[in-house]
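K.L.:
I'll drop the sequence and a predicted model, then ask my questions.
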Amino acid sequence: MSTTTAGVVVVGGGQAGFSVVQALRGAGYEGPVTVFADEPRLPYQRPPLSKKAHTEPEGPAVDLVPESFYRERDIDLRLGEYVAEIDTAARAVTTGSGVRVPYEHLVLATGARNRPLPVPGAELEGVHALRSLDDALAIGRALTTARDVVVVGGGFIGLELAQVARARGAHVTVVELADRLLSRAVSAQLQEHLRERHERDGVRVLTGTAVERIEGRNGQVHRVVTGQGPLPADLVVYGIGAAPRDELAREAGLAVDDGVIVDEHLRSVSDPRVFAVGDCARHPHPHAEGLVRLESVQNAIDQGSLVGRRIAGTATGPYASLPWFWSDQGAVKLQIAGLRARTDEVRVVPGDTPERVAAYAFRDGRLVAVETLNWPAEHLAARRLLQQDTPVSPDDLSGSTLGTLARARRATEVRA
Ligand SMILES: Cc1cc2nc3c(=O)[nH]c(=O)nc-3n(C[C@H](O)[C@H](O)[C@H](O)COP(=O)(O)OP(=O)(O)OC[C@H]3O[C@@H](n4cnc5c(N)ncnc54)[C@H](O)[C@@H]3O)c2cc1C
């Protein structure tokens, strides 16, 4: 199929870009589909990268689908090619190698990039960030010999990697600038449980602590100097947040503010021919006040799917999927359903085994988010209730879990 006819052009071959093309063909779209993916390998999953040590090239183990998927569906996947410019007036993109490709619909799925560590010594050998498979392989190789590992940033990726390093027998210290772990992502109450479990596993946690500089010997990292003194280190991994890759949109004159600004249909507010999905999109959501930008697999898959089906003509409604997330930190599975922003009450309930705990977050007397540790059934009950917009008050949950509450309500409905 020739791509000189305008069809759908997707910029970015990650989780969201893949979801767009899967949905397009799944919904019967027959026009040309081109994906520009600047990484030189098949689109792959990022979550496994921080959950184990990768010492061998993973190949198919992390690929989203095999190469035959794209070939059989006539998807023109251009690996190792990046889009350098968008001409919205002429409806065409130009690649880094100067190839111009017209589009009828353009989907930006450019993801996010790690924020750099702004301290002297961040460029030393042995200091790593984690986003790509190559990063994961470099960290995995370093972990085969590392004795002292310093993780800068107590976010999801840092805490997952701290457990991976502990499992390989290293001494691990997590250094976090905020006064607690996961300060933007989970409630203070759940964080306490999580911190205790990391410390029980032998991870040292320093909160309220700044990294001042990293020192090396012969170009290799040797120690990390923090506000609480120096820490020996032969491997440093940092995860201090990500920024959306929205520069292409900005240069094309599209509205951008920490992400490409889109409407409830995930269309650029500046140009209805352009959509943005996944980590790079800032969007309205019925569960949020104002616009949000989410970095999660669920968000990438559901947004990509909606845009693919919308272009194919089989979806019409706004984007309203319930946000949910997971993070595996050693033996702990953390799961979050809903959006926690501006909650005014949090109730923590222990589960029926010591490993299980749930934190229920309320806004104006109504349940809006649920965080669980090692309690998948309660997480799934939360997803169902929150997606259906079923009101749940703090009183509803005294002496009950969402699982039992949902069962009781179903029984009442059946009797009525
Ligand atoms: C280590 C790690 C662990 C994670 N673990 C979890 C987890 O446990 N649970 C969870 O829900 N989420 C997790 N996430 C987040 C999740 O992986 C992301 O939210 C998801 O991958 C976003 O998909 P995306 O397609 O928007 O972006 P990406 O997956 O980042 O893909 C974007 C792609 O676009 C390419 N690109 C950018 N600009 C251009 C251009 N101009 N031309 C061509 N290509 C371009 C990029 O190189 C990249 O390959 C994790 C992320 C990381 C990094």
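P.N.:
Now that the structure is in, tell me what you want to look at. None of the values given here were measured: they were computed from a predicted structure.
K.L.:
residue ranges for the helices of the stretch 301-416 of the chain, please.
P.N.:
Ranges of helices in the stretch 301-416 of the chain, per DSSP state H, counting those that start in this stretch, are 376-387, 402-415.
K.L.:
closest one to His287 among these?
P.N.:
Minimum separation from His287 across the helices of the stretch 301-416 of the chain (Cβ to Cβ) falls at helix 376-387, 7.6 Å. In short, each C-beta sits where N, CA and C put it, glycine included.
K.L.:
circling back to that earlier point, tell me which of the helices of the stretch 301-416 of the chain is the most buried.
P.N.:
helix 376-387 (a mean of 20; mean count of other Cβ atoms under 10 Å).
K.L.:
Counting by contacts, list what that one packs against.
P.N.:
In terms of contacts (3 or more Cβ pairs under 8 Å, 6 or more residues apart in numbering; DSSP states H and E), helix 376-387 is packed against strand 332-338, strand 366-373, helix 402-415.
K.L.:
which one of the helices of the stretch 301-416 of the chain lies closest to the ligand?
P.N.:
Nearest to the ligand, of all these, is helix 376-387, at 12.8 Å by Cβ to the nearest ligand atom.
K.L.:
Report the mean confidence score over the host helix or strand of Ala300.
P.N.:
Ala300 belongs to helix 297-312 when assigned by DSSP states H and E. Mean pLDDT, computed over helix 297-312, is 98.
K.L.:
For the remainder of this discussion, apply numbering that starts at 72.
P.N.:
Sounds good: first residue 72 from here, last item helix 368-383.
K.L.:
what about that helix and the ligand, any contact?
P.N.:
Yes - counting by Cβ under 6 Å from any ligand atom, the ligand is contacted by helix 368-383 at Val368, Gln369, Ala371.
K.L.:
Now for the residue nearest to the second one when sequence neighbours are not counted: which residues touch it?
P.N.:
Computed as Cβ to Cβ, 6 or more residues apart in numbering, the closest residue to Gln369 that is not its neighbour in sequence is Trp395, at 5.1 Å. Going by Cβ atoms under 8 Å, 6 or more residues apart in numbering, Trp395 touches Ser367, Gln369, Gln406, Ile407, Ala408, Gly409, His450, Arg454.
K.L.:
swap the cut-off to 10 Å and go again
P.N.:
367-370, 373, 406-410, 440-441, 450-451, 453-454, 457-458 (Cβ atoms under 10 Å, 6 or more residues apart in numbering).
K.L.:
Let's verify Asp350: helix, strand, or coil?
P.N.:
Classification of Asp350 using DSSP: H, G, I helix; E, B strand; the rest coil returns helix.
K.L.:
Run a quick check on it versus Gly375, I expect a contact.
P.N.:
No - assessed by Cβ atoms under 10 Å, Asp350 is found out of contact with Gly375, at 11.3 Å.
K.L.:
Now the common contact residues for those two.
P.N.:
Counting by Cβ under 10 Å, 6+ apart, the contacts common to Asp350 and Gly375 are Gly83, Gly85, Gln86, Ala87, Ala180.
K.L.:
now do the same end-to-end measure for stretch 424-432.
P.N.:
Start-to-end span of stretch 424-432 (Cα to Cα, to the nearest Å) is 21 Å.
K.L.:
for the ligand, what are the nearby residues on the stretch 222-371 of the chain?
P.N.:
Counting by Cβ under 6 Å from any ligand atom, the stretch 222-371 of the chain sits next to the ligand at Ile228, Arg316, Leu319, Gly349, Asp350, Glu366, Ser367, Val368, Gln369, Ala371.
K.L.:
Any chance of these in CSV with distance to Ser469 and neighbour count as columns?
P.N.:
Shown next, in CSV, are these (distance: Cβ to Cβ, whole Å; neighbours: other Cβ atoms under 10 Å):
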residue, distance to Ser469, neighbour count
Ile228, 36, 25
Arg316, 46, 20
Leu319, 51, 21
Gly349, 39, 34
Asp350, 38, 28
Glu366, 34, 18
Ser367, 31, 19
Val368, 34, 17
Gln369, 30, 17
Ala371, 37, 27
